[in-house]
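Asker: Take this sequence and fold it.
(chains A, B, C and D)
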Protein chains: 2
Amino acid sequence: MYKVLLDGSKDTVTSILKDIFKNISFSNEESKLLQSKLKKSDFRKGDFLLQPSEYIDKIYYVYSGCLRSYFIDNEGKEHTLQFAIKDWWISDYISLYGNSTSTSVSYIECIKKATVYGISKKEFDIICYDYPSIGQFYIKKMEAAFATFQKRILENLTLSAKDRYLNFISMYPDIESNVKNYHIASFLGITTESLSRIRKELAND
Amino acid sequence: MYKVLLDGSKDTVTSILKDIFKNISFSNEESKLLQSKLKKSDFRKGDFLLQPSEYIDKIYYVYSGCLRSYFIDNEGKEHTLQFAIKDWWISDYISLYGNSTSTSVSYIECIKKATVYGISKKEFDIICYDYPSIGQFYIKKMEAAFATFQKRILENLTLSAKDRYLNFISMYPDIESNVKNYHIASFLGITTESLSRIRKELAND
DNA sequence: CTGATTTATTATCATAGATCAATTTTTTAG
DNA sequence: CTAAAAAATTGATCTATGATAATAAATCAG
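Answerer: Purely as a prediction, here's the structure:
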């Protein structure tokens, strides 16, 4: 099955489009266009999708494995913005969408052997313009991601570190097994020592 | 000028469309469609756009004034998600886009005499589908908002309360004069007492 | 399999910001 | 303009989490 994936036969590529774009049905022409724009890449644990010096102009669909995006602040501390597993999209949204005054250095790192499909954001914009169903699909994705981030802000404002951790493991049970504790800590905004204490406390119940 | 706005003459409404949708140029047909869907409302300080019991299905363009969206947690504390002034869009994104398991109660409150234009999200989705330039416009808006929220998450993870406050007043100089200190505090995720101390400290420089 | 490196845990102490309580200042309603 | 209500300030504690440092456990490379 994995072999079939790699040989890039037409059927298989079409089935990947189905995977990525779910319930959207494409004409042959649309299918071909998308196939020509989506570039498959494989990464091993520890690889970076993106060097901080590189200008990012792509968004990535995660087909398998696990990635995380993070940035390093002035004091050299890592802050995890996002984990992405199967079916998520990941990119450096701040440098892609925000005004470019950002001085922050951001990375996307593979933390579990992954296959992704990347597409140039510029080209994707044009596709969204030309094909309403794809535009609609992208809008839905963005909205869901937006709601997720808004929830996260609320949680950061509202919950204790312990409750945020509990939330995290219930929300992302699949991710937890792939990542280091310090990844989770930097996602929750606490130190790895604090997370360690929380885990101990939870174990004694 | 304000009178002209109220009489709803064709020219003026068109100019509002220009305000809302910026550099997009519409055909007569598109113009009429949008005009028929956008509903103007005026609010006075203290009014709520939205009762928490109401099901939200609209997004609002802020033409003038200032609004804020917030929610109240289990302990009765307010948490400000967003301030919106001229040219911002505001809605309850979590209940609109997130899966509806959310138990949080959220409000949109007018904190300075405001005029907004509301449009049903469902209808707007259809419009985005039918008119690529509007879809593209909306995607851009969402992406910018997304980047803003991502930045805010990073700031919450990275900066001290003092630095977040300094950021806030430099980012939103127009908003600060409209809002109560406790609004800002609840946006920054600190108590009003802490904000007071920070302000005092900053004054002694 | 083994030593080297990375990650996680634990303990002690320090501190930003919370909580509680009282007072002053500002805003609002009549 | 004035009394009442709302908001902001200040002071005295308290606490969750950070910082530092040492050790233990887990993972990795050869």
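Asker: Now the phi/psi pair for A:Asn178, please.
Answerer: Dihedral angles of A:Asn178 (phi, psi; degrees, to the nearest 10) stand at phi -90, psi -20.
Asker: With A:Ile184 instead?
Answerer: Dihedral angles (degrees, to the nearest 10) for A:Ile184: phi -60, psi -40.
Asker: which SS state does A:His79 fall under?
Answerer: strand (DSSP: H, G, I helix; E, B strand; the rest coil).
Asker: can you pull the contacts of the closest residue to it other than its chain neighbours?
Answerer: Taking Cβ to Cβ, 6 or more residues apart in numbering or on different chains, and ignoring the residues beside it in sequence, A:His79 has B:Leu157 as its nearest neighbour in space, at 4.8 Å. Using the backbone N, CA and C atoms, a C-beta is placed for each residue, glycine as well. Counting by Cβ atoms under 8 Å, 6 or more residues apart in numbering or on different chains, B:Leu157 makes contact with A:79, A:156, A:186, A:189.
Asker: Kindly report the same for A:Asp130.
Answerer: Per Cβ under 8 Å, 6+ apart, neighbours of A:Asp130: B:Pro132.
Asker: give the contact list for the residue nearest the centre of chain A.
Answerer: Centrality entry for chain A: nearest residue to the mean C-alpha point is A:Ile90, 3.0 Å, by Cα atoms, centre = their mean. Residues near A:Ile90 by Cβ under 8 Å, 6+ apart: A:59-60, A:62, A:67, A:69, A:82, A:84, A:108, A:116.
Asker: Which residues of chain A lie near DNA strand D?
Answerer: A:45, A:160-162, A:189-191, A:193-194 (Cβ under 7 Å from any atom of the strand).
Asker: Report the buried members of the contacts of A:Ile90.
Answerer: A:59-60, A:62, A:67, A:69, A:82, A:84, A:108, A:116 (16 or more other Cβ atoms under 10 Å in any protein chain shown).
Asker: Out of these, which comes closest to A:Phe168?
Answerer: A:Gln82 (12.6 Å; Cβ to Cβ).
Asker: for that closest one, what are its contacts?
Answerer: By Cβ under 8 Å, 6+ apart, the neighbours of A:Gln82 are A:68-69, A:88, A:90.
Asker: Among those, which ones are in strands?
Answerer: Per DSSP state E, strands hold the following members of these: A:68-69, A:90.
Asker: Please convert those residues to TSV, extending it with pLDDT.
Answerer: What follows is the ones in strands among the contacts of A:Gln82, written out as TSV (pLDDT from 0 to 100):
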residue	pLDDT
A:Arg68	94
A:Ser69	93
A:Ile90	93
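Asker: Could you dump the residues you listed into CSV with distance to B:Ile139 added?
Answerer: Listed next are the ones in strands among the contacts of A:Gln82 as CSV, based on distance: Cβ to Cβ, whole Å:
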residue, distance to B:Ile139
A:Arg68, 25
A:Ser69, 20
A:Ile90, 18
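Asker: Shouldn't A:Arg199 be within a helix?
Answerer: Yes. Counting by three-state DSSP, A:Arg199 is part of a helix.
Asker: Tell me how many other residues surround the nearest residue to A:Phe48 once chain neighbours are set aside.
Answerer: Distances taken as Cβ to Cβ, 6+ apart place A:Glu109 nearest to A:Phe48, at 5.5 Å, with adjacent residues excluded. By other Cβ atoms under 10 Å in any protein chain shown, the residues close to A:Glu109 number 19.
Asker: what pLDDT does A:Glu109 get?
Answerer: Turning to A:Glu109, the model gives it a pLDDT of 93.
Asker: Enumerate every residue touching it.
Answerer: Taking Cβ under 8 Å, 6+ apart, one finds A:46-49, A:67-70 in contact with A:Glu109.
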